[in-house]
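**Q** here are the coordinates; sequence isn't available:
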């Protein structure tokens, strides 16, 4: 990555680094280059067509003229097949086999591999009718195509993503085949390893390579990657960077704070941490070094902020779209759960930069505008917020009115109104000069003025607003939302230059139109080439998912992990985090998430139930996702750290270590929202949500101060410990309050009917149950249910789907004797059955909420008083030293 003298790379070297990792390192000439270009554009056009309503419109038109037998609507499996065919073809033409392989032409063997891989991926298209008739019984031809297809997929994965994922997938395939020969006493043995079974699972059905992961890549991820590529090509990347510097560059350590915000905004554009580092880092890192940051710290700030771009809603990277399929929830709901941890993580990173600047007594850059009084700034910010709220309500009620008044023409009317808004924005933009890309290495760097900078790219916000509106307000699918956002961007790319020329009366309309068309075409090509690695990764990870489903390895792994963690949920989470970090050293975030979530998610949920912690599935998947994004930070393989070091000239390992230290605030959040789901805004109203946001922000800042050993002054060891204690009190107030004022009361199972007869409907109750797991091992676990409607306790138990039986026996529970009550029946699809209750389980006790107890939020008061006292003491100490 770096030369021996550790000098910074030039821009061409950096772009080559991005290309080698994201879109292929090969740059052929002549016909091959044109073919790659054309195929990439064709792939983008196919994905736009597939995500749009057009196939159904065309199908209806064909049906109306008697040509309904011609099918122009692609089902999900056919679309996945086409998606993988494009990815494999471009992978073999874009990625050389070895470092010594030619990069300016494609060897004949790569051409053979490209066409063979394309045929194997498209096999479902060519033999659809036959495959349906012999479903589950592949013939010799199917098996040969499947074997060749898997081998070519693994080779394409090796070229585009490296060996780690190939090795893991190969180990699982070998286990799938040879596991049937393991002694039956081995816990990992199975009986489903014939070649016919494996190929049918992996290549013929949608349980392996063509499974959920590739389906999400086809349905959602491509359009979001394309959206980012088009937004970048339109010029939004430079606009975001300049805007961040205009607002923040004059503060202490300002360039580093601007780098954090710019990288977060650029996360909308790039799903690649490496591309994000290079895009923003070539500008921000030299600026950070200019104000006093060391090469390693400047690179680490850029790495930490770029990697965190993948957790920032509304666009959270490819893994987020997989999550909505695995957790089975709308994307808008996932964004709601992910918002608070992401935003406080970024706030903490800005605070880290501030503390580093304070420790080194750094200054900001000279601002171009005269400083406004802080009161004026606050009033302007408040006015902008109120304006946004007013506009939101006008748009929401206006759209509802349009849909009610003219449902058949609503789309045309809304499109016209959006077009008018776009023209008005461009009219405003035309009054200001275009934003040029500055040279951060120039001798004199002056911050851009706020007003002309913000106004020079207002129209870039329009497609982002459309995307967010479709996702969050209209509740459209992610794919359709990205389609409308991408369509708006296509229109902007085609028209922004000529319309601006027209407004500015510069007369070069034809040239501007041609340039806009070129921008659109290159944006379509860039989006497709950025998807090669993701398409290959999701398909290869599908092999692992297929093996787990076919062999039941996930269930077997559960018992192994339970044994290693000794049933302790915290130790289990630490093991999963370490597992994710180890995998992250070689796997991209998406593949890492697929592997770890498919293996570990249900294990965490089950172990949590056995420890009395009912963990929502979304919290578990976000836990895995957060540690997956650390893949590009973790030394010694963190590629984003190497990219940042290439820009800064620093040591890449040291850069990675510093970045990992900066990322600790991201690493603790998953542990916290597992134990305190308020951080994910689960079952939290608006008022409580605001309080959770404020307290969580204070808590993460306290933890950041502890990890940086600096608050208002350098902290002593006991002050660091006190800050950590304050952090814990704020993040988990219930841990302490439960000792002061217990929130539950235990009742004997024989009294359950009598007690829940008087309990409020909807009140939560927890049952501790003893039973037998799937291995025949006795276990105890907890199940949470809500009190249902019913005129009596017996009727309410029946409405839960439970039939209880008093055996007449006595058993010992927590040192006391009680009646043995067993579950005689748990009805199918009832609340009890969904909670994991089943026949012949023994209810050990029932826990109901105590009333008139102290709310856990009272713990915030002593925590905040301690924090205030610590801060006051440090300020007094610093002033005493200074005087």
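**A** The structure has been received and is ready for your questions. Computed from a predicted model, the values in this text were never measured in an experiment.
**Q** quick one: what helix or strand has residue 241 in it?
**A** Counting by DSSP states H and E, the element that carries residue 241 is helix 236-248.
**Q** show me the contact partners of that helix.
**A** If you take CB atoms under 8 Å, 6 or more residues apart in numbering as the criterion, helix 236-248 is touched by 231, 254-255, 257-259, 261-262, 265-266, 268-269, 279-280, 283-284, 287, 368, 435, 437, 447-450, 453-454, 456-457, 460. Any C-beta I mention is one placed from the backbone N, CA and C, and that applies to glycine too.
**Q** and residue 629, how close does it get to residue 282?
**A** 22 Å (CB to CB, to the nearest Å).
**Q** this structure - how does it break down into domains?
**A** Annotated domains of the chain cover 12-213, 369-405, 534-691, 692-743+854-883, 744-852 [automatic domain parsing].
**Q** please tell me I have it right and residue 197 contacts residue 549.
**A** No: using CB atoms under 8 Å, residue 197 is not in contact with residue 549, being 11.5 Å away.
**Q** who touches both of the two?
**A** With CB under 8 Å, 6+ apart as the test, residue 197 and residue 549 reach no residue in common.
**Q** hmm, back to that, deepest of the domains of the chain, which one?
**A** domain 534-691 (a mean of 22; mean count of other CB atoms under 10 Å).
**Q** off-centre distance for that domain?
**A** Centre-to-centre, domain 534-691 and its host chain are 11 Å apart (CA atoms, centre = their mean, to the nearest Å).
**Q** kindly check the end-to-end length of it for me.
**A** One end of domain 534-691 sits 38 Å from the other (CA to CA, to the nearest Å).
**Q** show me where this structure has strands.
**A** Using DSSP state E, the strands of the chain run over 744-747, 764-772, 778-786, 802-813, 816-826, 842-849.
**Q** looking at those strands, spot the one closest to residue 594.
**A** When the strands of the chain are compared by CB to CB, strand 778-786 sits nearest residue 594, at 27.3 Å.
**Q** strands paired with that closest one, and their directions?
**A** strand 764-772 (antiparallel) (DSSP bridges).
**Q** okay, angle between the partner strand and strand 842-849 too, please.
**A** 160 degrees (axes from the mean of the first three to the mean of the last three CA atoms, to 10 degrees).
**Q** next, count neighbours for residue 853.
**A** 15 (other CB atoms under 10 Å).
**Q** pretty sure it sits against residue 742.
**A** Yes: Residue 853 is within contact range of residue 742, at 7.1 Å (criterion: CB under 8 Å).
**Q** so which of the strands of the chain is nearest residue 164?
**A** strand 778-786 (34.8 Å).
**Q** can you give me the helices in the stretch 151-300 of the chain?
**A** Per DSSP state H, counting those that start in this stretch, the stretch 151-300 of the chain carries helices over the ranges 163-178, 195-199, 212-216, 222-234, 236-248, 254-266, 273-290, 295-307.
**Q** with the stretch 1-150 of the chain instead?
**A** Assigned by DSSP H, counting those that start in this stretch, the stretch 1-150 of the chain shows helices spanning 11-18, 30-51, 54-64, 76-94, 108-121, 123-126, 128-133, 140-161.
**Q** ok and the fourth one relative to helix 140-161, angle-wise?
**A** Counting by the same axes, to 10 degrees, helix 76-94 points 50 degrees away from the direction of helix 140-161.
**Q** go on, the third one?
**A** On the basis of the same axes, to 10 degrees, helix 54-64 is oriented at 150 degrees to helix 140-161.
**Q** quick one: end-to-end distance for stretch 654-669.
**A** Termini of stretch 654-669 sit 24 Å apart (CA to CA).
**Q** ok, residues contacting that stretch?
**A** 295-297, 299-301, 303-304, 307-308, 311, 341, 344-345, 348-349, 352, 577, 626-627, 629-630, 633-636, 638, 640-642, 644-645, 648, 679, 700, 703-704, 707.
**Q** return the subset of those residues lying in helices.
**A** 295-297, 299-301, 303-304, 307, 341, 344-345, 348-349, 352, 577, 626-627, 629, 640-642, 644-645, 648, 700, 703-704, 707 (DSSP state H).
**Q** rewinding a little: which among the strands of the chain is found nearest to residue 50?
**A** Residue 50 lies closest to strand 778-786 among the strands of the chain, at 40.8 Å (CB to CB).
**Q** for the stretch 301-450 of the chain, which spans come out with low pLDDT?
**A** 315, 317, 367-378, 380-381, 384-385, 438-445 (pLDDT under 70).
**Q** would you map the helices across it?
**A** Counting by DSSP H, counting those that start in this stretch, the helices of the stretch 301-450 of the chain are 318-327, 331-360, 374-405, 410-429, 450-455.
**Q** what residues sit buried inside the shortest one?
**A** In other words, helix 450-455. 450, 452-454 (16 or more other CB atoms under 10 Å).
**Q** relative to the whole chain's centre, how far out is that helix?
**A** Between the centre of helix 450-455 and the centre of its chain there are 31 Å (CA atoms, centre = their mean).
**Q** ditto for stretch 847-867
**A** Distance, centroid of stretch 847-867 to centroid of chain: 33 Å (CA atoms, centre = their mean).
**Q** now do that stretch, average pLDDT.
**A** The average pLDDT within stretch 847-867 is 89.
**Q** closest to residue 211 among the buried residues of helix 450-455?
**A** Distances from residue 211 to those, taken by CB to CB, are shortest for residue 454, at 44.9 Å.
**Q** list the contacts for the closest one?
**A** Counting by CB under 8 Å, 6+ apart, residue 454 touches 243, 246.
**Q** make it 7 Å
**A** residue 243 (CB atoms under 7 Å, 6 or more residues apart in numbering).
**Q** so how far is residue 432 from it?
**A** In this structure, residue 454 and residue 432 are 9 Å apart, going by CB to CB.
**Q** what about residue 491, distance to residue 544?
**A** 41 Å.
**Q** equivalent analysis for residue 179, please.
**A** For residue 179, the distance to residue 544 - CB to CB - is 14 Å.
**Q** same question for residue 148.
**A** Residue 148 is 20 Å from residue 544, where distance means CB to CB.
**Q** cool, and residue 243?
**A** From residue 243 to residue 544 the distance is 42 Å (CB to CB).
**Q** go on, residue 229?
**A** From residue 229 to residue 544 the distance is 28 Å (CB to CB).
**Q** then residue 115?
**A** Following CB to CB, the distance that separates residue 115 from residue 544 is 27 Å.
**Q** ditto for residue 284
**A** Applying CB to CB to residue 284 and residue 544 gives a distance of 37 Å.
**Q** just give the closest residue to residue 576, not the sequence neighbours.
**A** residue 600 (5.0 Å; CB to CB, 6 or more residues apart in numbering).
**Q** which residues are in contact with stretch 149-158?
**A** 88, 91-92, 113, 116-117, 120-121, 165-166, 169-170, 202-203, 209, 536, 539-540.
**Q** output the below-cut-off pLDDT ranges for the stretch 101-250 of the chain.
**A** Judged by pLDDT under 70, the stretches of the stretch 101-250 of the chain that qualify are 185.
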